[in-house]
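Colleague: I would like to see how this sequence folds:
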Amino acid sequence: MKGVKDGFFKRLGVSEDGIKREYGIDLYLFLDAVALGLKDEEISDVIGYDLDKVKKVRQRLGNVGSEIGLAYKKDLLP
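Modeller: Numbers count the residues shown, from 1 in each chain. Reported below is the predicted structural model:
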């Protein structure tokens, strides 16, 4: 399953572990919040991440927005 996960994140140009190490943010939780259309401030409030880190992660992901949809996870099923 790790290879499949890596494929999605490779398209974004990041690694799940790298984001966790650098920003302390769970990439799946972050992407779920983004897919639901939450703004950076809402993600920070609801999940409890530092707003500056949330903004930096979104920028690092190419300003990804809700267009990714929750279907981004479909490739993760065994």
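Colleague: Sketch out the low-pLDDT regions of the protein for me.
Modeller: For the chain, the stretches with pLDDT under 70 are 1-8, 70-78.
Colleague: Show me the helices in the protein, by range?
Modeller: All helices of the chain, identified by DSSP state H, fall at 2-12, 16-23, 27-35, 40-47, 51-60.
Colleague: With mean neighbour count and distance to E67 added, can I get these in CSV?
Modeller: Bear in mind the C-beta positions are built from the backbone N, C-alpha and C, glycine included. Shown next, in CSV, are those (neighbours: other C-beta atoms under 10 Å; distance: least, C-beta to C-beta, whole Å):
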stretch, mean neighbour count, distance to E67
helix 2-12, 12, 13
helix 16-23, 14, 20
helix 27-35, 19, 9
helix 40-47, 16, 16
helix 51-60, 16, 13
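Colleague: Looking at those, spot the one closest to I68.
Modeller: With C-beta to C-beta as the criterion, I68 lies closest to helix 27-35 of the helices of the chain, at 5.4 Å.
Colleague: now for the closest one, which elements pack on it?
Modeller: Where contact means 3 or more C-beta pairs under 8 Å, 6 or more residues apart in numbering; DSSP states H and E, helix 27-35 is packed against helix 16-23, helix 40-47, helix 51-60.
Colleague: Those into TSV, with extra columns for distance to S66?
Modeller: Shown next, in TSV, are those (distance: least, C-beta to C-beta, whole Å):
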stretch	distance to S66
helix 16-23	19
helix 40-47	12
helix 51-60	12
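Colleague: Nearest approach to L29 belongs to which of those?
Modeller: Among these, if distance is taken as C-beta to C-beta, the winner is helix 40-47, at 6.2 Å.
Colleague: got the phi/psi numbers for G13?
Modeller: Main-chain torsions, G13, degrees, to the nearest 10: phi 80, psi 30.
Colleague: Would you quantify the distance from the residue lying closest to it once chain neighbours are set aside to G48?
Modeller: Closest residue to G13 apart from its sequence neighbours, by C-beta to C-beta, 6 or more residues apart in numbering: G62 at 7.4 Å. The gap separating G62 from G48 is 24 Å, by C-beta to C-beta, to the nearest Å.
Colleague: Brilliant, that's me finished.
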